[in-house]
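Participant: Turn this into a model:
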Amino acid sequence: MNHDINLNNPHALEEIQNILNEFQDNILQITNLNSNEQENRYMIEFEFIVDHQINENIDNLPNFFKNSKEINETLGKAIYIKKNDIDLINKEECPICFEPFCYKKYKRKLSCCSNTYHKTCIDKWLKKNSSCPNCRYDFLEKKDNIEEN
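Facilitator: Here you go, the predicted model:
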């Protein structure tokens, strides 16, 4: 399937997210067709970096996570939301987007305050801020202090 996306369109990132969600749903449908086999979980991540200043050194960027891999290394991998997460699905919503949690999506629980977020919401937040949106615990500051000692 081909998708042409005009990056000058203000909704281009939303279009890309919709394409990736459709791709993920198709993968999950294929997995469900093989449900009599051992249950497998797949996490597919795409990261697009559009940078007009290619010469800028990424290590000199301000204090925030540079990509999803760095977030996973610091906070641990995201958790797949299963059917038995009834309390989360029925009673909680993401503190960032205020949307409910959905079965077959991913969540990330932060160790600093035990709040749970949609993986996409908190990862987007952490790429712009290195701290928890709730308690303001700075993950990169603590990580740098540990690495220095």
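
Participant: All the helices of this structure, residue numbers only.
Facilitator: Taking DSSP state H as the test, the helices found in the chain are 12-33, 68-75, 86-91, 119-128, 139-148.

Participant: Summarise which helices and strands the longest one is packed against.
Facilitator: Under the contact criterion of 3 or more C-beta pairs under 8 Å, 6 or more residues apart in numbering; DSSP states H and E, the helices and strands touching helix 12-33 comprise an empty set. Where you see a C-beta, it was placed from the backbone N, CA and C, and this is true even at glycine.

Participant: what comes up buried for that helix?
Facilitator: Gln24 (16 or more other C-beta atoms under 10 Å).

Participant: quick check: angle from it to helix 119-128?
Facilitator: Counting by axes from the mean of the first three to the mean of the last three C-alpha atoms, to 10 degrees, helix 12-33 lies at 140 degrees to helix 119-128.

Participant: I'd like the average pLDDT over helix 12-33.
Facilitator: Helix 12-33 carries an average pLDDT of 75.

Participant: Next: the second one.
Facilitator: Model confidence over helix 68-75 averages 86 on the pLDDT scale.

Participant: cool, the third one as well?
Facilitator: Computed over helix 86-91, the mean pLDDT rounds to 78.

Participant: Next up, the contacts around the nearest residue to Cys97 once chain neighbours are set aside.
Facilitator: Nearest residue to Cys97, sequence neighbours excluded (C-beta to C-beta, 6 or more residues apart in numbering): Cys121, at 5.2 Å. Cys121 makes contact with Cys94, Ile96, Cys97, according to C-beta atoms under 8 Å, 6 or more residues apart in numbering.

Participant: one step back: between the helices of the chain, which gets nearest to Ser111?
Facilitator: helix 68-75 (7.4 Å; C-beta to C-beta).

Participant: that older thread, and the contacts of Cys121, which is closest to Lys69?
Facilitator: For those, the minimum distance to Lys69 (C-beta to C-beta) is 20.9 Å, reached by Ile96.

Participant: Who are the contact partners of the closest one?
Facilitator: Counted by C-beta under 8 Å, 6+ apart, Ile96 has contacts Tyr117, His118, Cys121, Ile122, Trp125, Pro133.

Participant: go with 7 Å
Facilitator: For Ile96, the contacting residues are Tyr117, Cys121, Ile122, Trp125, Pro133, by C-beta atoms under 7 Å, 6 or more residues apart in numbering.
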